[in-house]
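Trainee: Output the structure for:
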Amino acid sequence: MAAVQELAQDQRRPPLGEDLRATRHRAELSVVRHVPSQRPNPLSPQVHFLVFQRLRDASIVADGRKPPGRYGNMPIRFVLALLVIVGTLAAFGGTVLATPMRGVTSTLFAIGHFHEIDSKTLSPSWQARINTKGESDVWMLQNTIAPGGSFGWHSHPGPSIVLVKSGALTLYRADDPTCTPEVVEAGSGFVDNGHDTHLVRNEGTVDAVVYVTSIVPRGAQRRIDEPQPSNCLSSVQ
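Mentor: Residues are numbered from 1 along each chain as shown. Presented below is the predicted three-dimensional model:
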């Protein structure tokens with residue numbers, strides 16, 4: 001009787017090869033399904049892409065060719081799309097773009113090249129001094145600004161002396177927390193120390209004519225475009 005029962009059990013037991021394949025299948029399945037809670041969701045796009053990439057690489061190693069289907073070129077398309085995104089972010093980066101100059105006509109009188117300047121004048125009631133380190137360019141020019149015209153937000157790499165010949169200018173300074181406009185009438189002017197972000201507009205009804213003398217480092221651009229400062233977002237551009 002015991003021999004009959006043992007024979008019956010042997011008949012119900014699957015062959016050894018099938019048993020090993022079943023065990024192997026269960027082991028592989030458990031590895032795929034086992035996802036610790038602290039790791040990313042395996043169904044997320046990133047993890048899914050990594051799994052697909054590994055399977056694709058394994059297929060290439062196995063038979064030396066890419067798997068068929070529309071996913072064969074996915075890595076190339078993915079990289080190209082990523083490059084476009086990165087390039088866009090690099091170009092903008094969330095930064096406010098520089099405001100353009102409009103309605104301004106400039107006439108350059110002259111540019112002079114100077115070695116180091118060390119000049120001073122002292123008197124009991126007045127004194128002045130110009131002292132530079134390194135060679136300089138001195139610019140002299142005339143700007144004509146039409147009504148509604150604007151220089152846009154900008155700065156200069158060195159000091160500028162601005163004289164209003166006719167009309168009037170409205171000056172906005174980025175270092176003013178309230179960005180309060182300052183009207184500069186004909187016959188007066190202002191001094192820009194350099195590296196000060198500011199905006200100059202003609203908010204009048206006639207042309208404004210301005211003379212400017214600028215001292216900048218030798219070979220430097222006289223004007224530097226600047227983004228609109230956050231404390232002046234409500235002001236005109």
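Trainee: use CA for all of it now, contacts and neighbours both
Mentor: Fine.
Trainee: where along the protein do the helices fall?
Mentor: 2-12, 16-33, 45-63, 74-92 (DSSP state H).
Trainee: Could you work out the end-to-end span of stretch 144-158 for me?
Mentor: Using Cα to Cα, to the nearest Å, the end-to-end distance of stretch 144-158 comes to 22 Å.
Trainee: Can you report how many residues lie near residue 158?
Mentor: By the measure other Cα atoms under 10 Å, the count of residues near residue 158 is 20.
Trainee: Determine the longest strand present in this protein.
Mentor: Longest strand of the chain, by residue count under DSSP state E: strand 136-150.
Trainee: Quick one: low-confidence residue ranges for the chain.
Mentor: Across the chain, the ranges flagged by pLDDT under 70 are 1-98, 235-237.
Trainee: Show me the domain layout of the protein.
Mentor: Using automatic domain parsing, the domain parsing of the chain gives 2-92, 102-232.
Trainee: tell me which residues of the longest strand of the chain are tucked away?
Mentor: Neighbour-count burial for strand 136-150, counted by 16 or more other Cα atoms under 10 Å, picks out 136-140, 142-150.
Trainee: for stretch 119-137, same thing?
Mentor: 132, 136-137.
Trainee: just the residues you listed now: which is nearest residue 172?
Mentor: residue 137 (26.1 Å; Cα to Cα).
Trainee: what's the burial count for the closest residue in space to residue 149 that isn't next to it in sequence?
Mentor: Spatial nearest neighbour of residue 149, excluding adjacent residues (Cα to Cα, 6 or more residues apart in numbering): residue 103 at 4.2 Å. Around residue 103 there are 15 other residues, counting by other Cα under 10 Å.
Trainee: Does residue 103 touch residue 200 like I think?
Mentor: No - at 11.6 Å, residue 103 and residue 200 do not qualify as touching, with contact defined as Cα atoms under 8 Å.
Trainee: Overlap of the contact sets of the two?
Mentor: Common contacts of residue 103 and residue 200 (Cα atoms under 8 Å, 6 or more residues apart in numbering): residue 150.
Trainee: Residue 218 touches residue 111, doesn't it?
Mentor: No - look at residue 218 against residue 111 with Cα under 8 Å: they stay out of range, at 10.5 Å.
Trainee: contacts for the longest strand of the chain?
Mentor: With Cα under 8 Å, 6+ apart, strand 136-150 has contacts from 101-116, 199-220, 237.
Trainee: likewise stretch 194-203?
Mentor: By Cα under 8 Å, 6+ apart, stretch 194-203 touches 145-160, 168-175, 208, 226, 237.
Trainee: If any of the contacts of strand 136-150 are buried, give me the ChimeraX selection for them.
Mentor: Buried subset of those, written as a ChimeraX selection, criterion 16+ other Cα under 10 Å:
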select :101,104,199,200,201,202,203,207,208,209,210,211,212,213,214,215,216,217,237
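Trainee: Now go through the contacts of strand 136-150 and say which are in strands.
Mentor: 102-114, 199-201, 208-217.
Trainee: how far off strand 102-114 does the longest strand of the chain point, in degrees?
Mentor: 170 degrees (axes from the mean of the first three to the mean of the last three Cα atoms, to 10 degrees).
Trainee: what angle separates strand 136-150 from strand 208-217?
Mentor: Using the same axes, to 10 degrees: strand 136-150 against strand 208-217 is 150 degrees.
Trainee: sorry, back to before: can you redo the buried residues of strand 136-150 as CSV with distance to residue 191?
Mentor: Shown next, in CSV, are those (distance: Cα to Cα, whole Å):
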residue, distance to residue 191
136, 18
137, 17
138, 15
139, 15
140, 14
142, 16
143, 16
144, 18
145, 18
146, 22
147, 23
148, 22
149, 20
150, 18
